[in-house]
Structure formats: structure tokens, C-alpha cells
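S.K.: model the structure of this input:
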Amino acid sequence: MTQDTETRFFGAIEAGGTKFLCAIGTDAGDIVDEARFETRMPETTLAEVRDYFETSRRKWGSLTALGIGAFGPLDLNPSSPTFGFITRTPKAGWQHTDLAGTLGRELRLPVVLDTDVNAAALGELRWGAGQTLDSVAYVTVGTGLGVGVVHHGRPVHGLMHPEIGHVSVRRHPSDPSFAGACPFHGDCLEGLAAGSALVARTGRPLSEAPPDDPIWAIEADYLGQLCALLLLCHSPQRILIGGGVMQARLYPDIQARMLYWLNGYVSAPAIAAPNYITAPGLNTRSGIKGALSLALCAGSASVT
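M.R.: Take a look at the predicted model:
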């Protein structure tokens, strides 16, 4: 198939710590082709990504732009000499990698880079559970814990991007002594509530914990504190929580703990609605659809 005069095709990358998901999509949000590559060292991984998109050109024609939602931290300051770089990531071998610049030069495409969670939030706002809203927060709880926030179609940036997974929270009474698993901060939110922290504390993933295990209440409380902080700091109209740690039974418990920590301070009726804290509407596709959504923004913010 070749590109016709009506359809524009875009490249999208969900760049994760364990895999890179690469895709070709349209401005209507349709994914027409994709491939997965293991996240190895940067040179090897980026060569596989480049080869995929070069091969895709023969089938789909020239691409309009490339969107990348990536693990971080990232340098998203256009005036910085390391704009488009992965910076001090805990992912071994990926520190100070010129992700956007390398792919932009090699593929000769405009590139829009953002965090994987900001991208996922953007995808949910455009095509998922946030379609009728002006703002959403997207939380992923997997091996790590990240948060993205979008207001009025724009991901939140400032000095850098939000890193709310690394804030400190109050210890649950049943969790007084676990040192935490974050290599930078120990018992920050990620160090207490991410999947790696749960395994370090209990020896198993949350999905394997018995229904009466105290870890369920501990996890719901920490994520409830996170949602209270998000509401107070960013006031999103909906909070979406995905990732491999999440289980259906957690959502109402997280919402209850959020309301507990808010202690009546926020009176907006929406925060008590069953869908205020909910699963992503795009399920496991939030990341790649978010990267595609970034590519659609290439006209206003790009790295070449």
C-alpha cells in the first residue's frame, strides 16, 4: 500500500524501559502497522527503530512527523543544549541519550518528544476516557510510577515535566519499616507503591496477594494520597490510572482514600463520582495512541 493524496501517515513510538513499540498511524487515530523491539542499549535499539521506519516508508509512503512518548527524565526545554535527551534515568546505559535528535536526523523527520505519561494523557484526552473533558491526569503504576497531566490539549511543562511519582507521602501505619525501592529517594511514592517496590516488600506482585493481605490497603492509601495531591496541585477533571500493578478492586479504594486525605476541603461533586478515578479508556493502547497524538502536534513543537 502506498500513501494516497488524502491520507497522511505519522510515526509513533512508545519508548519504554523494557520495549519500544513503533507504529504507523493516521490523523484519524488509526494504527495501521506496528512492531515491538526489546529495549537494549541505545545504539542497538535505535538502529532497529530506524530500520523499521525506513522499511515502512516503502509501504506507506513518506511520513509527516514522528511522535515519541518516552521514559525519562527528559530534557524538554527547547533552549537547552540537551533538548530531546533522556537525562538521569535509572535505566542502565540510557543516561544522556539524544533520543529525539538522533531519530530526527536519521529519519529526516520532525519529532515531538514528551514523557510516556504525558503522551498517554494526551491520547486519552483525544481518543479515550477524556474526550469530553478539558483536562486529565494519567497515572501509570508499573515497574515505576509516573504521572502526566494535560490541560486544554497541552501537556504540562515548565522548568521540566511533572515527576509526581517522586514526591514524599505519609507512611501507612501498617508499613512503618520498608526502606523503599527508589534508587534516588528511597521511600518516595514510586519507592513505596510501584511494582518493583511491591515485589521488594512482599516477594510477589500485587496480583498474587491474597484478598485479605494488608498490602491492598497500603497500596490504595499511597495511591489515594497521590490522587489527593494531583487534585490539589493540578485540579484535573478526571484521573486515569493504568499500568501492570492496577487491579479492578483498587479503584474504589483509591478514591475513598483520596477523599479521606482531602477531608472535605474540596467540595466539587465530581470527585465523588464513580468515574472520577478510573481505568484508561484506551486500555493498553494509551501510550502508542498518545505518541501518535504527539506526532499530530509536530507543526507547533518539533525537534529536527
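S.K.: and the helices in the stretch 51-200 of the chain, which stretches?
M.R.: Ranges of helices within the stretch 51-200 of the chain are 99-107, 116-127, 189-193, 195-202, based on DSSP state H, counting those that start in this stretch.
S.K.: give me the distance between residue 294 and residue 7.
M.R.: As judged by C-beta to C-beta, to the nearest Å, residue 294 and residue 7 stand 19 Å apart. Backbone N, C-alpha and C define where each C-beta goes, glycine included.
S.K.: between the two, who's got more neighbours?
M.R.: In this view residue 294 and residue 7 are compared by other C-beta atoms under 10 Å, and residue 294 has more residues nearby, 27 against 14.
S.K.: burial count for the closest residue to that one other than its chain neighbours?
M.R.: Counting by C-beta to C-beta, 6 or more residues apart in numbering, residue 67 is the residue found nearest to residue 294 once chain neighbours are left out, at 3.1 Å. Residues lying near residue 67 (other C-beta under 10 Å) number 31.
S.K.: dump the residue contacts of residue 67.
M.R.: Residue 67 sits next to 10-13, 111-113, 119, 290-298 when contact means C-beta atoms under 8 Å, 6 or more residues apart in numbering.
S.K.: out of the residues you listed, list just those in helices.
M.R.: The members of the contacts of residue 67 that map onto helices under DSSP state H are 119, 290-296.
S.K.: do I have it right that residue 131 meets residue 122?
M.R.: No. Residue 131 is beyond contact range of residue 122, at 11.9 Å (criterion: C-beta atoms under 8 Å).
S.K.: so those two - more neighbours on which side?
M.R.: residue 122 (31 against 11).
S.K.: next one: that one from residue 179, what distance?
M.R.: Taken as C-beta to C-beta, the span from residue 122 to residue 179 is 35 Å.
S.K.: circling back: in TSV: the helices of the stretch 51-200 of the chain, plus distance to residue 60 and mean pLDDT.
M.R.: As requested, these are exported to TSV (distance: least, C-beta to C-beta, whole Å; pLDDT from 0 to 100):
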stretch	distance to residue 60	mean pLDDT
helix 99-107	13	97
helix 116-127	20	95
helix 189-193	38	95
helix 195-202	36	94
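S.K.: ranking these by burial, who's on top?
M.R.: helix 116-127 (a mean of 29; mean count of other C-beta atoms under 10 Å).
S.K.: chain center to that one: distance?
M.R.: The gap between where helix 116-127 is centred and where its chain is centred comes out at 8 Å by C-alpha atoms, centre = their mean, to the nearest Å.
S.K.: from residue 132, how far out is residue 85?
M.R.: 36 Å.
S.K.: any weak-confidence spans in the stretch 151-300 of the chain?
M.R.: Along the stretch 151-300 of the chain, the model assigns pLDDT under 70 to residues 158-160, 299-300.
S.K.: make it 50
M.R.: 299-300 (pLDDT under 50).
S.K.: swap in the stretch 1-150 of the chain?
M.R.: The stretch 1-150 of the chain contains residues with pLDDT under 50 at 1-3.
S.K.: strands along that one, start to end?
M.R.: All strands of the stretch 1-150 of the chain, identified by DSSP state E, counting those that start in this stretch, fall at 9-15, 19-26, 31-38, 66-70, 85-86, 97-98, 111-115, 135-141, 145-151.
S.K.: take the helices of the stretch 51-200 of the chain and lay them out in CSV including distance to residue 226.
M.R.: Shown next, in CSV, are the helices of the stretch 51-200 of the chain (distance: least, C-beta to C-beta, whole Å):
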stretch, distance to residue 226
helix 99-107, 27
helix 116-127, 13
helix 189-193, 6
helix 195-202, 13
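S.K.: compare these and give me the one nearest residue 258.
M.R.: Closest approach to residue 258 among the helices of the stretch 51-200 of the chain is made by helix 189-193 (13.7 Å; C-beta to C-beta).
S.K.: who does that closest one touch, helix- and strand-wise?
M.R.: Helices and strands touching helix 189-193, by 3 or more C-beta pairs under 8 Å, 6 or more residues apart in numbering; DSSP states H and E, are strand 145-151, helix 215-234.
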